[in-house]
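# Generate coordinates for the sequence data below:
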Amino acid sequence: MERILSSDAFAGVVSNFGRDAVKDAVVGYLDTVRAERGHFDENVAADEVLNALTASTASTLRRVINGTGIIIHTNLGRSPIDAEVWSRAAAITTGYSNLEYDLDDGSRGRRDEHLTAICRTLFGCEAAILTNNNAAGTLLLLAAVAGGREVIVSRGELVEIGGSFRVPDVIQQGGARLHEVGTTNRTRAADYDAAITDASAAMLRVHRSNFEIVGFTESPSIEELVVISKKRGIPLLYDEGSGRVVDLVPYGFTSAPTIRELIALGVDAVTCSTDKLIGATQGGLILGSEEIINRCRKHPLMRALRAGKESYAIIAETLRAFATGRHESEVPIYRMLATPLDELRTRAAEMVSGTSCRVIDSACALGGGTTPTETIPSIAIEVPGNASEFASRFLQNDPPIAGRIVDDRFTIEVRALSDGDRQAVARMIATYNL
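Coordinates of the predicted model:
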């Protein structure tokens, strides 16, 4: 064993992984050789041990190039983070910070107040806190506001989001009792009003993530629900989910209320994700009245659902981009949405120059359950040949390239590709002489 570990063949392995770890791996390798009655070769052994140690100490999480045509792709990590935003956040997260330290008097501070000022500026709310995702924010809000009492929800909004998480389950886990009103396709303001009793703690509106109900439908406006809320003296809560900070009409999507507009209309508290339309890392904001937010702060669940310094730093920098009007340059999903078709077509043409691949018109989805039935015009690259075969080959690239198959054609959507991504796709195309 000493001769093996001291050999030139193992010098690099020992340097990278340490003598003890390499020794254990060599013991395992020698057991395999003996069991298979194989021949021991020092160089082969070094390669096998290196591969084994690399595999056992590596995460399976990898960078992936998104050519799927879905910008906020939940399976691919939702929204990418701008390198400059990440760098500014890193200046805080790579060292110590005042996460829970009051710099005025040197006493213990509170992490849940770091986003208050910027959220007041952006959303017009009185107070704000951050949890580790939107489901956590909704859970905490319901537990703080409606624990042991009823929450009134339309049957048409009892949705299931990705990963089989269901709104009714979140309500009940928060300690509230679900009171369903209306029907799947039609719920009126009068249904909410009639359902309110002394047992009612709140009305809850839920964004229909990933689907829409069309046809013979009816749903009360926010204004109607606010009137009932104020008249009956119970808060109106809104699980907005997507984090709509700005109007999406300029990018080709239909209009819907922004969070600021919801709060201005009189919604008492709004929850949303920070890694969808806000375009930051995973988190869940609770925005609303000082009274409701304070109840959330004091609830025992707050400790279990709170976010860390990395989330605060990245989300704060991202929100600042909106507050200063720089979101189209500093938030990647808006940079993608704002790119004109002619520019996308030029980029695609450069990538396929000299190949048999074609530049085609396509449609791009925003994703993340934000605009479930809408797409916007875009540009894609069509790779000739067996679609399934090339979809698999591109996923084996380093980094993997995720495309999509449309009408039995393998395509790479261009809108979500960064400069480095486009170079990698172009090299992959050239590799196969396409």
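
# For the stretch 51-200 of the chain, just list every one of the helices.
Counting by DSSP state H, counting those that start in this stretch, the stretch 51-200 of the chain has helices at residues 83-93, 116-123, 134-146, 167-173, 189-195.

# Buried deepest among those helices, which one?
helix 134-146 (a mean of 26; mean count of other C-beta atoms under 10 Å). Glycine gets a C-beta too; all of them are placed from N, C-alpha and C.

# tell me what it is packed against?
Packing partners of helix 134-146 (3 or more C-beta pairs under 8 Å, 6 or more residues apart in numbering; DSSP states H and E): helix 167-173, strand 200-206, strand 236-241, strand 269-273, strand 284-288, helix 290-298, helix 301-305.

# possible to save the ones you listed as a markdown table with mean pLDDT and distance to residue 400?
A markdown table is the format used below for these (pLDDT from 0 to 100; distance: least, C-beta to C-beta, whole Å):
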| stretch | mean pLDDT | distance to residue 400 |
| --- | --- | --- |
| helix 167-173 | 82 | 33 |
| strand 200-206 | 94 | 35 |
| strand 236-241 | 95 | 29 |
| strand 269-273 | 97 | 25 |
| strand 284-288 | 98 | 29 |
| helix 290-298 | 96 | 40 |
| helix 301-305 | 94 | 33 |
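
# nearest to residue 23, of these?
Between residue 23 and the helices and strands packed on helix 134-146, the shortest separation by C-beta to C-beta is 41.1 Å, and it involves helix 301-305.

# Would you mark the buried spots in that closest one?
301-302, 305 (16 or more other C-beta atoms under 10 Å).

# do the same with stretch 145-152
Per 16+ other C-beta under 10 Å, stretch 145-152 contains these buried residues: 145-146, 149-152.

# What is the nearest of those to residue 275?
For the buried residues of stretch 145-152, the nearest to residue 275 is residue 145 (24.4 Å; C-beta to C-beta).

# How about that closest one: what's its closest non-neighbour residue?
residue 202 (5.3 Å; C-beta to C-beta, 6 or more residues apart in numbering).

# Could you pick out the longest helix of this protein?
Across the chain, the longest stretch assigned as helix under DSSP state H is helix 19-35.

# Please compute how far it lies from its chain's middle.
42 Å (C-alpha atoms, centre = their mean, to the nearest Å).

# Does that helix pack against any helices or strands, and if so which?
helix 2-5, helix 11-17, helix 42-56.

# can I get the CA coordinates of that helix in CSV?
Extracted in CSV, the C-alpha atoms of helix 19-35 (Å, rounded to 0.1, in the frame of the first residue of the first chain):
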residue,chain,number,x,y,z
ARG,A,19,-3.8,10.3,1.7
ASP,A,20,-6.5,8.8,3.9
ALA,A,21,-9.3,9.0,1.3
VAL,A,22,-7.0,7.6,-1.4
LYS,A,23,-5.9,4.8,0.8
ASP,A,24,-9.5,3.8,1.4
ALA,A,25,-10.3,4.0,-2.3
VAL,A,26,-7.3,1.9,-3.2
VAL,A,27,-8.3,-0.8,-0.7
GLY,A,28,-11.7,-1.0,-2.4
TYR,A,29,-10.1,-1.1,-5.8
LEU,A,30,-7.8,-3.9,-4.8
ASP,A,31,-10.7,-5.9,-3.4
THR,A,32,-12.4,-5.6,-6.8
VAL,A,33,-9.3,-6.7,-8.6
ARG,A,34,-8.9,-9.8,-6.3
ALA,A,35,-12.6,-10.7,-6.7
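
# Give me the angle between it and helix 42-56.
Here the directions of helix 19-35 and helix 42-56 differ by 120 degrees (axes from the mean of the first three to the mean of the last three C-alpha atoms, to 10 degrees).

# List the contacts of helix 19-35.
With C-beta atoms under 8 Å, 6 or more residues apart in numbering as the contact definition, helix 19-35 has outside contacts at 1, 4-5, 10, 13-14, 17, 38-40, 45, 48-49, 52-53.

# One more pass at 6 Å, please.
4, 13-14, 40, 45, 48-49, 52-53 (C-beta atoms under 6 Å, 6 or more residues apart in numbering).

# Buried ones in it, by neighbour count?
Neighbour-count burial for helix 19-35 [16+ other C-beta under 10 Å]: 21-23, 25-26, 29, 33.

# can you check stretch 49-64 too?
49-50, 52-53, 64.

# ok, now stretch 332-340?
332-337, 339.

# And stretch 235-245, by the same measure?
For stretch 235-245, by 16+ other C-beta under 10 Å, it's 235-245.

# Map the structural domains onto the sequence of this protein.
The record's domain parsing of the chain by automatic domain parsing lists 2-55, 65-73+333-431, 82-330.

# that older thread, for the helices of the stretch 51-200 of the chain, give me JSON lines that also has distance to residue 389.
Listed next are the helices of the stretch 51-200 of the chain as JSON lines, based on distance: least, C-beta to C-beta, whole Å:
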{"stretch": "helix 83-93", "distance to residue 389": "34"}
{"stretch": "helix 116-123", "distance to residue 389": "47"}
{"stretch": "helix 134-146", "distance to residue 389": "38"}
{"stretch": "helix 167-173", "distance to residue 389": "41"}
{"stretch": "helix 189-195", "distance to residue 389": "53"}
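
# between these, which one is nearest to residue 409?
Using C-beta to C-beta, the helices of the stretch 51-200 of the chain put helix 83-93 closest to residue 409, at 32.9 Å.

# Export only the CA atoms of the closest one, formatted as CSV.
Provided in CSV are the C-alpha atoms of helix 83-93 (Å, rounded to 0.1, in the frame of the first residue of the first chain):
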residue,chain,number,x,y,z
ALA,A,83,-23.2,38.0,-12.9
GLU,A,84,-22.9,41.6,-11.8
VAL,A,85,-25.8,41.3,-9.4
TRP,A,86,-24.3,38.1,-8.1
SER,A,87,-20.9,39.9,-7.7
ARG,A,88,-22.5,42.7,-5.6
ALA,A,89,-24.3,40.2,-3.5
ALA,A,90,-21.1,38.2,-3.1
ALA,A,91,-19.4,41.2,-1.5
ILE,A,92,-21.8,40.7,1.4
THR,A,93,-22.1,36.9,1.5
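
# Use 13 as the first number from now on
Will do, 13 is the new start, and the previous item becomes helix 95-105.

# pLDDT weak spots in this protein?
The chain contains residues with pLDDT under 70 at 173-177, 222-223, 445-446.

# hmm, back to that, would you mind putting the buried residues of stretch 247-257 into a markdown table with distance to residue 92 alongside?
A markdown table is the format used below for these (distance: C-beta to C-beta, whole Å):
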| residue | distance to residue 92 |
| --- | --- |
| 247 | 35 |
| 248 | 34 |
| 249 | 30 |
| 250 | 27 |
| 251 | 25 |
| 252 | 22 |
| 253 | 20 |
| 254 | 17 |
| 255 | 15 |
| 256 | 19 |
| 257 | 17 |
